[in-house]
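Undergrad: predicted model, plus sequence, below.
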Amino acid sequence: MSWFDDTVAAFGKQLGLGSLAPPREGVLQLAFESGEWLSLEVMAGRDDLQALILMERSMGHPHEPTARSALARAHLIHGDPYPVQVAVRRSSQDWRLVALVRIPRRQFTVDRLVHAMELLRRWLGEALRPGDRRA
């Protein structure tokens, strides 16, 4: 899958991390000092392969109003140009809000990957802002 590997390697260089490469299992995960995790992987889409870009951040319990608001918000707000999908995941330490976009293989470039990462980071920040009850 050189299209994916080549883009991920160039992305790593742009971040100053050297040449990144997904492990044999195909999922590359980066942990940031902020506590966010970024995961990159390939999945079969409806018509072709696609890259999945997932970002996750610690959140309160999923029954708290902020978490419910974040999940409801996914039905109303779409990322430009890709819709944002969300899920809640329990890690060994806490509950995590996961936001994800899918980029078709032919559109997967370093610029689109950086845009998706920025979109997801902004989306999670807005979704989990304390006191924000927009839905």
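TA: It's in. Given the structure is predicted, the values throughout are model-derived calculations rather than measurements.
Undergrad: contacts and neighbour counts: CA atoms only from here.
TA: Fine.
Undergrad: all strands of the protein, in order?
TA: 28-31, 37-44, 49-59, 85-90, 95-104 (DSSP state E).
Undergrad: just the C-alphas of the shortest one, formatted as CSV.
TA: As requested, C-alpha coordinates have been extracted for strand 28-31 and formatted as CSV (Å, rounded to 0.1, in the frame of the first residue of the first chain):
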residue,chain,number,x,y,z
LEU,A,28,-0.1,3.9,13.3
GLN,A,29,-0.8,5.6,16.6
LEU,A,30,0.8,8.8,17.9
ALA,A,31,0.3,10.1,21.4
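Undergrad: one step back: the strands of the chain: which one's closest to residue 11?
TA: Residue 11 lies closest, by Cα to Cα, to one member of the strands of the chain: strand 37-44, at 11.2 Å.
Undergrad: count the neighbours of residue 12 for me.
TA: Residue 12 has 16 neighbours, counted by other Cα atoms under 10 Å.
Undergrad: again with residue 121
TA: Neighbour number of residue 121 under other Cα under 10 Å is 20.
Undergrad: coming back round to it: which one of the strands of the chain has the lowest average pLDDT?
TA: Ranked on mean pLDDT, the bottom entry among these is strand 85-90, at a mean of 85.
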